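J.: My questions concern the predicted model and sequence given below.
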Amino acid sequence: MGPLRRSGTMTANAGPRGLAKGLHRALLLVLAAAFLLPLLWMVAASLQPQGKALEYGMFQFPEGLHPENYPQALAQMGGFGRLLLNTTLLTLACIAGQLFCCSLAGYAFARLRFPGRDGLFLLVLATMMLPPQVLAIPQFLFFRQLGLIDTFYPLILPTVLGGAPFFIFLFRQYFLTLPVELAEAARVDGCGFFGTYFRIMLPLAKPVVGTVAIFTFLATWNDFWAPLIYLNSEDKQTLSLALASFNQSYRVAVEWLMAGSSVILAPCALVYFLTQGWFLRGVRLSGKG
């Protein structure tokens with residue numbers, strides 16, 4: 001009777017467990033559809049004939065595809081190559097600044113011992129509660145006093161100065177998971193603080209480096225607010241600014257607008273899908289310690 005009783009108990013428990021798993025999957029499918037349907041409609045609308053995008057419903061596929069909307073949209077934006085170059089250079093500079101400064105600050109908070117270290121780290125975390133709008137006017141006045149308006153420096157310098165406390169937190173938490181013996185062995189071999197950081201710790205932090213790089217890429221590539229404030233010249237515009245100017249035209253076709261949005265969104269989607277495993281691993285490991 002013992003094995004039969006255990007088998008009956010396992011069967012009884014399998015029912016609620018299977019139901020919960022099915023409900024969980026159904027909920028994930030609903031959420032995935034809620035996020036993906038607008039993107040799918042955007043791509044479908046970008047292939048509609050002019051003046052027809054708003055006539056079709058979200059679940060109605062167009063009768064014919066019109067890929068010529070894409071080159072027409074890019075031509076209407078004006079200087080797409082220049083816009084792409086500006087956005088790419090700005091994004092790469094911000095990624096480099098975030099990786100260097102935030103990783104160095106996180107390593108210092110994790111390994112250096114100095115008076116007030118924990119209090120200073122809490123103060124850094126407290127700045128996460130400040131919305132960017134609170135700092136917008138002081139930062140603008142500061143950069144205007146330095147004569148840096150209408151340059152890329154106001155967009156890059158905050159990243160170089162450690163303007164992302166969340167990334168500092170990620171690096172600190174990850175460095176805390178690494179054995180102290182690694183740094184001690186490096187010191188025995190003659191490495192100083194920076195030698196240990198560059199040769200030992202930073203190469204081991206590749207998951208977090210990838211996570212921070214992805215976060216920074218997505219944020220900088222799609223940023224509209226900061227370039228709108230600091231960039232005035234047309235030759236310094238980014239893709240987001242050009243798309244917004246394109247949207248403000250009363251003669252713009254919805255199909256062209258959706259085509260331009262799809263082109264700008266494509267690198268973000270591609271980067272995330274290619275690196276999502278690295279991204280999730282870095283966030284998961286940084287939660288330890």
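T.: Happy to help now that I have it. Numbering: from 1, shown residues only.

J.: Spell out which residues make up each domain of the protein.
T.: Following automatic domain parsing, the chain resolves into domains at 15-66, 69-286.

J.: Comparing the ones you listed, which yields the minimum mean pLDDT?
T.: Mean pLDDT is lowest for domain 15-66 among the domains of the chain, at a mean of 79.

J.: For the protein, which segments are assigned as helices?
T.: 2-46, 69-77, 80-111, 117-126, 132-145, 153-160, 165-177, 180-188, 193-196, 202-204, 206-221, 225-230, 239-248, 254-286 (DSSP state H).

J.: I'd like the ones you listed written out as a markdown table, with mean neighbour count added.
T.: Using the backbone N, CA and C atoms, a C-beta is placed for each residue, glycine as well. Below are these laid out as a markdown table (neighbours: other Cβ atoms under 10 Å):
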| stretch | mean neighbour count |
| --- | --- |
| helix 2-46 | 11 |
| helix 69-77 | 18 |
| helix 80-111 | 19 |
| helix 117-126 | 12 |
| helix 132-145 | 12 |
| helix 153-160 | 19 |
| helix 165-177 | 21 |
| helix 180-188 | 13 |
| helix 193-196 | 14 |
| helix 202-204 | 14 |
| helix 206-221 | 21 |
| helix 225-230 | 17 |
| helix 239-248 | 17 |
| helix 254-286 | 17 |
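
J.: Nearest to residue 52, out of these?
T.: Smallest distance to residue 52 across the helices of the chain (Cβ to Cβ): 7.6 Å, for helix 254-286.

J.: Show me how far the closest one is from its chain's centre.
T.: The chain centroid and the centroid of helix 254-286 are separated by 8 Å under Cα atoms, centre = their mean, to the nearest Å.

J.: now do stretch 234-249
T.: Distance, stretch centre to chain centre, for stretch 234-249: 21 Å (Cα atoms, centre = their mean).

J.: Output it in CSV with nothing but the alpha carbons.
T.: These are the backbone C-alpha positions of stretch 234-249, laid out as CSV (Å, rounded to 0.1, in the frame of the first residue of the first chain):
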residue,chain,number,x,y,z
GLU,A,234,21.3,70.4,-37.5
ASP,A,235,24.6,68.8,-38.3
LYS,A,236,24.8,67.5,-34.7
GLN,A,237,21.3,66.0,-34.6
THR,A,238,20.8,62.3,-33.5
LEU,A,239,18.4,59.9,-35.0
SER,A,240,15.8,60.5,-32.2
LEU,A,241,15.8,64.2,-32.8
ALA,A,242,15.5,63.8,-36.6
LEU,A,243,12.6,61.4,-36.1
ALA,A,244,10.9,63.9,-33.8
SER,A,245,11.4,66.7,-36.3
PHE,A,246,10.0,64.4,-39.0
ASN,A,247,7.0,63.7,-36.9
GLN,A,248,6.2,67.4,-36.4
SER,A,249,5.7,67.9,-40.1
